[in-house]
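>>> here is a sequence together with a model predicted from it:
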Amino acid sequence: QVSLVESGGGLVQPGESLTLSCAVSGSIYRINSMGWYRQAPGRQRELVAGITSGGSTSYADSVKGRFTISRDNVENTVYLQMNSLKPEDTAVYYCTVVGFRSLYDSRRKLESDYWGQGTQVTVSS
(Lines give C-alpha, C1' and ligand atoms only; values in the text may rest on other atoms or scores of the structure.)
Protein backbone atom coordinates (compact mmCIF):
# COMPACT_ATOMS: atom_id res chain seq x y z
CA GLN A 1 0.00 0.00 0.00
CA VAL A 2 1.12 3.52 -0.79
CA SER A 3 0.15 6.39 1.49
CA LEU A 4 0.39 10.13 0.88
CA VAL A 5 0.11 12.37 3.90
CA GLU A 6 -0.23 16.12 3.38
CA SER A 7 0.45 18.76 5.99
CA GLY A 8 0.89 22.51 6.27
CA GLY A 9 -2.53 23.82 5.37
CA GLY A 10 -4.32 26.44 7.40
CA LEU A 11 -5.86 29.89 7.57
CA VAL A 12 -3.78 32.86 6.50
CA GLN A 13 -4.35 36.44 5.50
CA PRO A 14 -3.90 37.73 1.95
CA GLY A 15 -0.24 38.30 1.15
CA GLU A 16 1.02 35.72 3.61
CA SER A 17 2.79 32.44 2.89
CA LEU A 18 2.30 28.76 3.54
CA THR A 19 4.32 25.66 2.76
CA LEU A 20 2.57 22.38 2.08
CA SER A 21 4.33 19.04 2.45
CA CYS A 22 3.37 15.61 1.22
CA ALA A 23 5.22 12.54 2.42
CA VAL A 24 4.95 9.33 0.43
CA SER A 25 5.32 6.03 2.21
CA GLY A 26 4.73 2.41 1.40
CA SER A 27 5.71 0.05 -1.33
CA ILE A 28 6.43 1.91 -4.53
CA TYR A 29 9.27 0.95 -6.82
CA ARG A 30 9.93 4.35 -8.35
CA ILE A 31 8.25 7.72 -8.18
CA ASN A 32 8.20 9.59 -11.47
CA SER A 33 6.24 12.81 -11.37
CA MET A 34 4.81 14.52 -8.29
CA GLY A 35 2.33 17.33 -8.14
CA TRP A 36 -0.27 19.40 -6.41
CA TYR A 37 -3.90 19.91 -7.41
CA ARG A 38 -6.54 22.02 -5.76
CA GLN A 39 -10.30 22.13 -5.67
CA ALA A 40 -12.33 25.11 -4.58
CA PRO A 41 -16.03 24.79 -3.66
CA GLY A 42 -18.16 24.44 -6.77
CA ARG A 43 -15.17 24.19 -9.06
CA GLN A 44 -13.34 21.37 -10.78
CA ARG A 45 -10.06 20.08 -9.48
CA GLU A 46 -7.18 21.85 -11.22
CA LEU A 47 -3.47 21.24 -11.53
CA VAL A 48 -1.45 23.76 -9.56
CA ALA A 49 2.11 22.56 -10.06
CA GLY A 50 4.04 19.51 -11.13
CA ILE A 51 7.62 18.30 -10.97
CA THR A 52 9.24 15.47 -12.88
CA SER A 53 11.83 13.00 -11.63
CA GLY A 54 14.45 15.14 -13.33
CA GLY A 55 13.33 18.28 -11.55
CA SER A 56 11.48 20.00 -14.38
CA THR A 57 8.57 22.04 -13.09
CA SER A 58 5.32 23.38 -14.45
CA TYR A 59 2.75 25.73 -12.97
CA ALA A 60 -0.76 26.92 -13.56
CA ASP A 61 -0.75 30.47 -14.93
CA SER A 62 -2.61 31.68 -11.86
CA VAL A 63 0.24 30.73 -9.51
CA LYS A 64 3.34 31.38 -11.62
CA GLY A 65 5.80 33.57 -9.80
CA ARG A 66 4.11 32.98 -6.43
CA PHE A 67 4.26 29.21 -5.88
CA THR A 68 7.29 26.94 -5.99
CA ILE A 69 7.19 23.16 -6.12
CA SER A 70 10.14 21.06 -5.02
CA ARG A 71 10.86 17.46 -4.08
CA ASP A 72 13.17 15.46 -1.89
CA ASN A 73 13.86 12.17 -3.60
CA VAL A 74 15.54 10.67 -0.54
CA GLU A 75 12.61 11.40 1.76
CA ASN A 76 9.99 10.88 -0.99
CA THR A 77 8.45 14.20 -0.15
CA VAL A 78 7.04 16.95 -2.32
CA TYR A 79 6.62 20.54 -1.18
CA LEU A 80 4.61 23.52 -2.34
CA GLN A 81 5.86 26.90 -1.19
CA MET A 82 3.02 29.39 -1.59
CA ASN A 83 3.78 33.10 -1.35
CA SER A 84 1.63 36.18 -1.79
CA LEU A 85 -1.49 34.16 -1.19
CA LYS A 86 -4.78 35.50 -2.48
CA PRO A 87 -8.37 34.72 -1.47
CA GLU A 88 -8.81 32.91 -4.78
CA ASP A 89 -6.14 30.42 -3.68
CA THR A 90 -8.59 29.12 -1.10
CA ALA A 91 -9.17 25.44 -1.80
CA VAL A 92 -8.46 21.92 -0.68
CA TYR A 93 -4.98 21.04 -1.93
CA TYR A 94 -4.19 17.47 -2.93
CA CYS A 95 -0.81 15.96 -3.64
CA THR A 96 -0.37 13.24 -6.20
CA VAL A 97 2.43 11.01 -7.37
CA VAL A 98 2.78 8.92 -10.48
CA GLY A 99 5.16 6.01 -10.50
CA PHE A 100 5.82 2.32 -10.93
CA ARG A 101 4.56 -0.06 -8.28
CA SER A 102 7.18 -2.67 -9.13
CA LEU A 103 10.07 -3.55 -11.39
CA TYR A 104 7.55 -5.58 -13.38
CA ASP A 105 5.43 -2.48 -13.97
CA SER A 106 8.47 -0.36 -14.81
CA ARG A 107 9.57 -2.74 -17.53
CA ARG A 108 6.11 -2.45 -19.02
CA LYS A 109 5.95 1.29 -18.39
CA LEU A 110 2.73 0.74 -16.49
CA GLU A 111 2.33 3.75 -14.23
CA SER A 112 0.00 4.10 -11.27
CA ASP A 113 -1.18 7.28 -9.65
CA TYR A 114 -1.79 7.92 -5.98
CA TRP A 115 -3.53 10.74 -4.15
CA GLY A 116 -3.49 12.25 -0.72
CA GLN A 117 -6.64 13.08 1.21
CA GLY A 118 -6.19 16.82 0.90
CA THR A 119 -5.38 19.74 3.15
CA GLN A 120 -7.46 22.90 3.45
CA VAL A 121 -5.91 26.25 2.61
CA THR A 122 -8.00 29.31 3.42
CA VAL A 123 -6.90 32.82 2.55
CA SER A 124 -9.08 35.43 4.20
CA SER A 125 -8.82 38.70 6.04
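Nice, I can see it.
>>> show me the contacts for the most centrally placed residue in the chain.
Geometric centre of the chain, nearest residue: Trp36, 2.5 Å, by Cα atoms, centre = their mean. When contacts are counted by Cβ atoms under 8 Å, 6 or more residues apart in numbering, Trp36 touches 20, 22, 47-50, 69, 78, 80, 93-96. No exception for glycine: its C-beta is placed from N, CA and C like everyone else's.
>>> who is it paired with across the strands?
Beta-bridge pairing of Trp36 under DSSP bridges involves Ala49, Cys95.
>>> one step back: from the contacts of Trp36, pick the one nearest Gln120.
Relative to Gln120, the closest of those is Tyr93; by Cβ to Cβ it sits at 7.8 Å.
>>> where in the protein is pLDDT low?
Within the chain, no stretch has pLDDT under 70.
>>> tell me which stretches of it form helices.
103-107 (DSSP state H).
>>> separation between Tyr37 and Ser70?
17 Å (Cβ to Cβ, to the nearest Å).
>>> just Gln44 next, same as before
26 Å.
>>> between those two, which has more neighbouring residues?
Under the criterion of other Cβ atoms under 10 Å, the comparison of Gln44 against Ser70 puts Ser70 first, with 15 against 7.
>>> which non-adjacent residue is nearest the more buried one?
Tyr79 (4.9 Å; Cβ to Cβ, 6 or more residues apart in numbering).
>>> do the same with Gly50
Nearest residue to Gly50 in three dimensions, chain neighbours excluded: Gly35, at 3.8 Å (Cβ to Cβ, 6+ apart).
>>> which residues touch the one you found?
Gly35 sits next to 47-51, 69, 78, 95-97 when contact means Cβ under 8 Å, 6+ apart.
>>> for those, give me CSV that also has distance to Gly9 and neighbour count.
Putting the contacts of Gly35 into CSV (distance: Cβ to Cβ, whole Å; neighbours: other Cβ atoms under 10 Å) gives the following:
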residue, distance to Gly9, neighbour count
Leu47, 18, 14
Val48, 13, 24
Ala49, 15, 23
Gly50, 19, 19
Ile51, 19, 21
Ile69, 16, 22
Val78, 14, 29
Cys95, 11, 28
Thr96, 16, 18
Val97, 18, 23
